[in-house]
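Asks: Okay, here's the prediction I keep looking at, along with the sequence it came from:
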Amino acid sequence: MKVPIIRISFSEEDKRFINVNVKISEVLDSGILTMGKYTREFEDLCCRFVGSRYAISTGNCTVAMEIIIRALGIEGRSIIVPTNTFMATAYAVMQSGNRVVFADSNRETLSLCPQDLRKRINGDTTAVILVHIGGIVSPQYYEIKKICEENGLHLIEDCAHAFGCGIDGKKAGTLGAAGAFSFFPTKVVTTAEGGMITTDNKDIYNKARMIRNHGKNPDMGNRMSEFGYNYRLSEITAVIGVQQIRKAAQIVDARMGIAKIYDRLLADNGYVRPLSIPSNTTSTYYKYVVFLPEDSDRSGIKMTMQEKYQISLTGEVYADLCHTEPVWQKYTYCGKLRNNGGKVDCARWPDCGCGDLQEGFPEAAYLSKHHICLPLYPGMTEEECAYVVDSLLRTVKDMASVSTSTEGS
Ligand SMILES: Cc1ncc(COP(=O)(O)O)c(C=O)c1O
């Protein structure tokens, strides 16, 4: 049996679901190829699904986060993000003219560690980006929110992994000032490329809509009253978005069903431990995370799974932490080039410390080494799940016995 890393499928039924082909022809014939009725429908459906008052579609999630930061009026300040995230979270901070400050994670939630977050806050800090890593809303969300409130910080959500996730009945995308979603092909719902901002805040909504569209202000006859850019989504992409959101409940149910099968098959196995999802949270399992025994050779396990069993494991969340990326040899944390052979001439914020390499994230470092992610996507069969689990347990067991016998020799 061969289990691929992902199956992105738009079946004939999906295409017929809302007549994607017909609607794309209709868009092409109408001449309204951007910001038309399907864009509005996509945004309305997202509002309803997420439970937010407003939604603004964007070209992707990275720019959605940048727009949120700009709409909040933050510039030239420090924003805290976990080092255990995709670099896009940090890039959005830098692209908006701010300085990124990394924080450590909690190894059981994969997400920001509240104690470490407190330590990183100083007079320059203005916002925190909470990333729902792997599709898990941290049960420490309430503590993180309280820290933000106590320190007057904006809480922004990176919901790239968290479409349909939530805590105590509230969905990701409604837990802070605003949330940013990704519709990249590997995500829970996809439009090939695409993003969405959700918020209940009318001021953020109004500003974000202008920033997305070159700063054009509809109340001023489209004169440009904001510092904007082209961050729009095309109308053709929005047609796919409408189809995906209409089908979202089905996609989410399918993912949760597969996770349940894995949970059952992995229960009490004695070798690997699935990440436990707190009972007051809902995950749509962007990733199904499994912790390996402490001394495991992860790349060896992945190679055996691939070569012996034809099972492709998905990427970890994350194997390479942001603060370890080589980009910091060239750029400062405010997104300025390091000149003078690595020496920093940062005229923007004297003494901002943007030249000092950030380090010291032990929990994120632990996490980055000790987990794998199992394939999980709609359409996976129970038989495929059983094959993945059986192959994984055999691999871990075989490798453990080889290392014990070598130790003894
Ligand atoms: C946590 C996280 N944030 C942001 C992004 C960026 O999303 P996009 O590619 O839509 O800009 C990603 C993409 O994978 C991500 O994983």
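Replies: All right, it came through fine. Numbers count the residues shown, from 1 in each chain.

Asks: Quick check, Cys322 in contact with Thr83.
Replies: Yes: Cys322 lies in contact with Thr83 (CB atoms under 8 Å); the separation is 4.8 Å. Bear in mind the C-beta positions are built from the backbone N, C-alpha and C, glycine included.

Asks: Mind checking the pLDDT average for the helix ranked longest in the chain?
Replies: In the chain, assigned by DSSP state H, the helix with the most residues is helix 382-408. Averaged over helix 382-408, pLDDT sits at 87.

Asks: Same check on stretch 325-340?
Replies: Averaging pLDDT along stretch 325-340 gives 85.

Asks: For it, what is the distance to the chain centroid?
Replies: Offset of stretch 325-340 from its chain centre (CA atoms, centre = their mean, to the nearest Å): 24 Å.

Asks: Give me the buried positions along it.
Replies: Trp328, Thr332, Tyr333, Cys334, Gly335, Lys336, Arg338 (16 or more other CB atoms under 10 Å).

Asks: and which of these is nearest to the ligand?
Replies: The closest of the buried residues of stretch 325-340 to the ligand turns out to be Gly335 (CB to the nearest ligand atom; 16.4 Å).

Asks: Look up the closest residue to the closest one, ignoring the ones flanking it.
Replies: Met94 (3.2 Å; CB to CB, 6 or more residues apart in numbering).

Asks: on that earlier part again, Cys322 and Thr83 - which one has more neighbours?
Replies: Higher neighbour count among Cys322 and Thr83: Thr83, with 29 against 24, using other CB atoms under 10 Å.

Asks: Contacts only, for the nearest residue in space to the more buried one that is not next to it in sequence.
Replies: Sequence neighbours aside, Phe102 is the residue nearest to Thr83 in space, at 4.0 Å (criterion: CB to CB, 6+ apart). By CB atoms under 8 Å, 6 or more residues apart in numbering, the contact list for Phe102 reads Ile80, Val81, Pro82, Thr83, Ala90, Arg120, Cys322, His323, Gln358, Phe361.

Asks: three-state assignment of Phe102?
Replies: Judged by DSSP: H, G, I helix; E, B strand; the rest coil, the three-state class of Phe102 is strand.

Asks: same thing with Tyr366?
Replies: helix.

Asks: three-state assignment of the nearest residue to it once chain neighbours are set aside?
Replies: Nearest in space to Tyr366, with sequence neighbours left out and distances taken as CB to CB, 6+ apart, is Arg107 at 5.3 Å. Per three-state DSSP, the secondary structure class of Arg107 is coil.

Asks: what number of residues lie near Arg107?
Replies: Using other CB under 10 Å, Arg107 has 19 neighbouring residues.

Asks: do Lys171 as well
Replies: Neighbour count of Lys171, defined by other CB under 10 Å: 21.

Asks: How about the contacts made by it?
Replies: Contacts for Lys171 (CB under 8 Å, 6+ apart) come out as Phe49, Val50, Gly51, Gly164, Cys165.
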